[in-house]
Each structure stands twice: as C-alpha cells, then as structure tokens.
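# got a predicted structure here, sequence first:
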Amino acid sequence: MRKLFAIIVCKLGHFVGKLVGKGSSMPGKFALKICPDILRRVELPRHIIAVTGSNGKTSTVEMIAAVLRADGKTVVYNEEGSNQIEGVTTLVLTHATLGGAVRADVLLIESDERYAARTFQFFHPTEFVITNLYRDQLTRNGHPEWVYDAILPALHPETKLILNADDPLSSCFARGREAVKWFGLDKCSISADAPTGAYHDGAYCPVCHAPMEYDYVHYNHIGAFRCTKCGHKKPAADYAVTAVDLEKAVVTIDGGVEIALAFRSIYNIYNILAAYSACRECGVSGDTAAAVLGNYLLKNGRMQTFRLGARHGTLLTSKHENSIAYDTNLRYIAASKRDCVVLVIVDAVSRKYFTSETSWLWDIDFDQLNVPHVKRVVLAGRYGNDLAERFSYTALENWSVETDIAAAAAALKSAGDEELYVVTCFSDRDKILSRVEKEG
Amino acid sequence: MDVRIIHFYPDLMSLYGSYANVLALKRYLERLDCDVTVESVLPGGGTDIAKGDFFCMGAGTERAARAAMEDFARYAQPLKAAAGDCAAMLFAGTAMDLIGKTVKEADGSAYEGLGLASFTTEHGKRRIVGDVYGHTDLYPEAVVGFMNKCGVVTGVETPLLTGLDLGFGNGKERGPEGFHWKNVFASQLTGPLLVKNPKLLETVAAAIYARRGKPLPVDRPLDRWAEQAYAVTEEQLRLRAQAK
Ligand SMILES: [Zn+2]
C-alpha cells in the first residue's frame, strides 16, 4: 500500500513540478519519505547501466541513450540531470506502472560520484561505467581518492564494470573483480611522451605509492601507466581507439570502425569510446553504434560562437574548480592556428558567496597559452587579481587585467579583429554572452 | 645571500596548489637579491638537513601523507634539531599532521608523526570545508585561507592563528588554528597560503633572514596583484564573518 502511495505521490509531484518548472528531485524525496526502500520494491528493466566519474558523465549517458534507442531499445534515463538518489527515485517511479514495474529495456542512470553508494543500496546496475577520476570541484569532493572511497561501496559484486584503462586511479576499481571490460586509447597521433600539466597526480602508484612510469599519455596523466613495483599498469583494452586523425576529425575503434567527430577534443574521444563500449556490452553491433556516434552533436555540445565588434568569438566553458577541463580548453586554443586574443573570466567561484578558494587556479596549466598565435590574454572578473598573480608565475608576458567584465568586453570590441576565445565557467558565461552578438 | 629551500615530496604532497608557496617564497627572496636554490626531496631520495634554510611540505591525500611519513621519519632527528635552532619551516595542509606525535586514520589504524610537536591528528569520515578568517600574534593583519581537511587536531598549545572569526580551526568551529613554535609555521589551511597572505610570506622570509642574523631589508618588493587579491578577499571574508 505504501508502495502504491509513494508511486502516486511521485507521479503527481512530477506532474505538478513540470507545470511550475521545478526540479526533478522533490517528488522522489517525498516518495522516499513514504517508502524508504521503494527502489527495492519496484520491478526494474533487465539492463541497468550506471555512469559516473569526474568528467564526461552527462555526455556519455546522452550518447549511450541515443545508440540504444537507435538499436530499437526503450531507454529510461535522467535527462534532467538529477543524479542523486532522490532524482533517480523520481526517474524510476514516474516511468513505473502503478504496480511498480518499469516498462523499458534499459534503465540508464547518470550518478553523482559521491552519492552513488546511497543510490545503489536498494538495487544494483548490471553495467557500471566509470569514465575517470581526477581533481574536480575539490571543495565538494575533497580529493580524487576521497571520491574513490565513496564510489567503492556502490559497486556490487555482480555488477560488470566498464573502466578507463588509461586512468591509474579509477582502474583500481577492477582489483579483485572478474567482470571488468576496459576501454582505452592506443598510442596515436595525439599522444605525448610524458605526463603534462601543472601538477602530477599520476607520479605515484595509487596502490603501493611507488613511482610510476609512462609509455605515453593522452592528457595530463591519462595514458599508459606502469608501476615500477607492484604491477599496477594499463590493462589491455577490450575496446580501443586505435587511431586518431584530428585534421580529418575521425577516430578509429578496434582498427576498423571509423567515427567522425563533431568536436575535436580529447574528452569527446573518451566519451564516445566509453559510450561505444557500454553499448557493445549491451549487445549493440559496432556498426550501429558507429552510425549514431559519428558526428554526434551533444545537446550542450554546440560551441557558442559570436561577434564582438570586428572580432569573431568562441566561448569555451568549463566547470570552475576543474583544472583538467580548463587545460583541455587551453589545449584547444593552443592547437588552433590563427592569431587570437584570449579572455579569461573568473567572477564567481561559488554561486552563494565570495570564497578564498582559488587553489584550483594553480592546477591549471596556463603556460599552454604561451604560443606565438596567442597575441594577448585579458584577465577579467572579480578574481582578476588572483588570476594575475597566477599568470605572474607563468612564462607569459602579454597579459593584462580588467576586473570589470563590461569594460573588458568594450575594449575588445572597440579595437582589433583577431579571433577571440573566452575561457570561463558555466555560471559566468552569461556575463559575456549578454554583451555580444550570438551566432547560430 | 644564498638560500636553500628544501621542498619535501612535491608530487606526492601537491594538492590544492601547495607548490605555489615555494614559488612565492623563491620569487620574494630573489627580488631581495638572494640566490635561491630549490631542492626537491623525493621518497627514497635524501637530503642534508644541515644545509637547508627553509623546509616545507604541502597537502596530500590521507594515503599520500601516510606514504610520505614512511620516508619523512628518517629526517626526524636532524629536522627537530634544525627547528630548535630556529630554522624556518612551513607545513601546510595534511603536512601539518605529520610533524605531530601521532595520526589516527578513519579506519582506526594509526601511525607516528615526526614528533616535532606534541599534538595528535584524528582523521574522520567527514570533510571540513570552508573559508577561514583569523588572527595571528605575528602581525596585525588578518589571515585568510581555505580549509579542506578531514582531521581534527588536539594538543596544540601554541597555534599559528590564535583565533578565528570564520571557519574551523584545529579542533572546533572558530577555534585556534595551526601550530607555531620558533620559526616552524604549520597550518591545515590548504593551498597557496603564502600567496594569499603577503604578510605571512614576509614573516617567513624574515625568519629565514633572522636565522642568518640579518634583518629583512627595508626596501622590500611589493607584489601588487597579491596585495590587491588579498584586499578583496580580506574584505569579503571579514564582511561574512561580521554577518554571522
Ligand atoms: Zn604499485
């Protein structure tokens, strides 16, 4: 009876929530109050795929859903992005019959890393994709090993893990388990010989703390790692990107399947590969997966371009407090060839209040901008002085500070016609977008 | 003046931009015409403590800190001697835990620290995260910083920050924070503490000079960006502390 009541309340709550445009976690929260173990009492689809990790969760989940649907499967997933237990409860119950059966082939869940254990205490995924684990929003997450320890209890012994072979930390989840499938990138055109970046989290083995060696990396410390002592090393990949041609924007998987890239970033390549691996594990053919993933444009994936005076501009957004996301965007600028100006905006680190937490600025490898075609860098926003202090320790000299974003935009508008790249976070982007003429 | 900075385990203990403390001190001293050498000490490596003017270690994960301690233990005697002889040192973040007597882990296990100080740290399963605004007896200006730790420290009699208006100290909300004895500066405040607090940077530099029997030169470099960033942060955190 409580189960039925919880389902009705959740469905009603979701309906009302949609009318008033409210979040997707509240109905599930009510349902959990009425029936705390509701998720154990419902009948779930045969395939339950979960995706977690520091970067790429949302994109990977979206692509998995697209492929599975193209393969004729019905998929229920949290498109609204509510990825803690309340949101998952809303998702499950709104798609359940009054009897509590979720009529779908696949339940697909993007899960918050730190709360995965709470979500999966009542049921467990058949496949669990972990994209990667590295420094991300440390005010919330502590540090990567802290997140590792939080995810570990969420991994049921019967769940098949789909892991990143190139990540020394998240690959440790395979320890003591049989059912593991690996995805990774072979050495290819974009590989570097040694880890890059402002810090080196892959210097020591996460298992035994002995020094690690690298045959090659694809970004930061993500690549072919090898512990000098305990044998922890990049495993052979079950699904591998075997070639990357960034000029033509094509990757090759397992030597034969070609996938065109809508966006030429190393992230996008890993997300595509993770999605491909998960879908193959669910019985989708390589050709079907490749047909959907080829040129796949993510919902939020279209790069925002604009005009500002005589300049053509491109907005490159990252999460604040995620240095690797920033590094990837800086790498994109460095790889571009035309003369450009870069505007870096850090105006609000926290949405709630001013915080002195600026340590993540020191984790970003701003020296990547030290290339001839980056003519000038403008540092803007309330944290402009902190950015300037950070830049004063780089090899760059062509930077200036304008803490007032409006003034920085006006100055860039009034003179010059080089390409403009704006590097900022999701919560600060409208502060520049409101001052430009958007394209497309 | 030649200055030798000895940086313990720069890759292993590198969370929250800890390395910037070394960069800030090096540049500050160079602008005072010092010849600065930075020596990185790796686990299994070695160093001659007697040759150092400044010793430092940054924040690491709890597991990294424990791994660091396995190597760090061998420097216990010479480092304690150097500290007693007024050598300047900075231990920030989890590195502070390591100079105490013992560290108890969240799983119940424990290991010994350097024993330079008599405090104990106990790691828990909850993270203590937030801005800190506090005061030190070393100078009148406020100290600003950010806390991101899971440890509670007990047994500090001579804290670095004698009182906090905002944030969690060694053992409690708004309690004293860090440890200070002679020229040993320790704080669980993470990240580039010396970048965020230009006055603390000056204090550490003065300690290095003092051990050589010299006062800090009167003409000192002013880092405009660091000063302005400090002014913004100090004002904002002060207002928040007052609003509480
Ligand atoms: Zn190892």
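It's in. The structure presented is a predicted model; accordingly, all values stated were derived computationally and were not measured. Residues are numbered from 1 along each chain as shown, chains lettered A, B, ... in the order given.
# ok so B:L25 is a helix residue?
Yes: counting by DSSP: H, G, I helix; E, B strand; the rest coil, one finds B:L25 located in a helix.
# B:P192 is in contact with that one, correct?
No: counting by CB atoms under 8 Å, B:L25 sits too far from B:P192 to count as a contact (10.5 Å). For every residue, glycine as well, the C-beta is placed using N, CA and C.
# the more surrounded of those two?
B:P192 (31 against 25; other CB atoms under 10 Å in any protein chain shown).
# which non-adjacent residue is nearest that one?
B:A20 (3.4 Å; CB to CB, 6 or more residues apart in numbering or on different chains).
# B:V195 is in contact with that neighbour, correct?
Yes: under the criterion of CB under 8 Å, B:A20 makes contact with B:V195 at 5.0 Å.
# helices along the stretch 51-200 of chain A, start to end?
For the stretch 51-200 of chain A, the helices defined by DSSP state H, counting those that start in this stretch cover A:57-70, A:85-94, A:116-119, A:138-141, A:144-151.
# ranking the ones you listed by burial, who's on top?
helix A:85-94 (a mean of 26; mean count of other CB atoms under 10 Å in any protein chain shown).
# what residues does that helix touch?
A:6-7, A:10-11, A:13-14, A:24-29, A:31-32, A:38-39, A:42, A:44, A:76-78, A:80-82, A:102, A:107, A:109, A:111, A:115, A:118-119 (CB atoms under 8 Å, 6 or more residues apart in numbering or on different chains).
# of these, grab the buried ones for ChimeraX.
The ChimeraX selection below is limited to those of the contacts of helix A:85-94 classed as buried (16 or more other CB atoms under 10 Å in any protein chain shown):
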select /A:6,7,10,11,13,14,24,25,26,27,28,29,31,32,38,39,42,44,76,77,78,82,102,107,109,111,115,118,119
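# so which of the contacts of helix A:85-94 also contact chain B?
With the criterion set as CB under 8 Å from any CB of the partner chain, no member of the contacts of helix A:85-94 is near chain B.
# surely A:L343 meets A:V374?
No: look at A:L343 against A:V374 with CB under 8 Å: they stay out of range, at 11.5 Å.
# can you give me the angle the biggest strand by length in chain B makes with helix A:144-151?
Longest strand of chain B, by residue count under DSSP state E: strand B:120-135. Put simply, strand B:120-135 runs at 120 degrees to helix A:144-151, going by axes from the mean of the first three to the mean of the last three CA atoms, to 10 degrees.
# partner strands of the next helix-or-strand element following strand B:120-135, with direction?
Using DSSP states H and E, the next helix or strand after strand B:120-135 towards the C-terminus is strand B:143-154. Partner strands for strand B:143-154, per DSSP bridges, with pairing direction: strand B:120-135 (antiparallel), strand B:189-190 (antiparallel).
# name the surrounding residues that touch stretch A:362-374.
With CB under 8 Å, 6+ apart as the criterion, stretch A:362-374 contacts A:135, A:196-199, A:323, A:326-327, A:330-331, A:333-334, A:336-342, A:377, A:390-391, A:394-396, A:398, B:16-17, B:19-20, B:191-192.
# between B:A20 and B:V195, point out the one with more neighbours.
More crowded of B:A20 and B:V195, by other CB under 10 Å: B:V195, with 29 against 24.
# wait, is the more buried one part of a helix?
Yes: counting by three-state DSSP, B:V195 is found in a helix.
# next up, the contacts around it.
Contacts of B:V195 by CB under 8 Å, 6+ apart are A:E389, B:A20, B:N21, B:L23, B:A24, B:L201, B:A226.
# let's see which of those end up in helices.
Judged by DSSP state H, helices contain the following of the contacts of B:V195: A:E389, B:A20, B:N21, B:L23, B:A24, B:L201, B:A226.
# can you list contacts of stretch A:326-341?
Residues contacting stretch A:326-341 (CB under 8 Å, 6+ apart): A:197, A:219-220, A:246, A:264-267, A:311, A:316-318, A:342, A:364-366, A:368-369, A:371, A:373-378, A:412, A:416, A:418-421, A:423.
# rerun at 6 Å
A:265, A:267, A:316, A:318, A:364-365, A:368-369, A:371, A:373-376, A:418-421, A:423 (CB atoms under 6 Å, 6 or more residues apart in numbering or on different chains).
# derive a PyMOL selection command for the buried subset of those residues.
Burial among the contacts of stretch A:326-341 is assessed by 16+ other CB under 10 Å; the matching PyMOL selection reads:
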select buried, chain A and resi 265+267+316+318+364+365+368+369+374+376+418+419+420+421+423
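# hey, where'd the strands end up in chain B?
Under DSSP E, chain B gives strands at B:2-8, B:35-41, B:54-57, B:88-92, B:102-104, B:110-112, B:120-135, B:143-154, B:163-166, B:179-181, B:184-187, B:189-190.
# so the residue nearest to B:P192 is in contact with B:L193, correct?
No: the pair B:A20 / B:L193 is not scored as a contact, 8.8 Å apart, by CB atoms under 6 Å.
# contact residues of chain B facing chain A?
Residues of chain B lying close to chain A (CB under 6 Å from any CB of the partner chain) are B:11-12, B:14-17, B:20, B:23, B:61, B:63, B:67, B:127, B:129, B:131, B:144, B:146, B:191, B:225-226, B:228-229, B:233, B:236.
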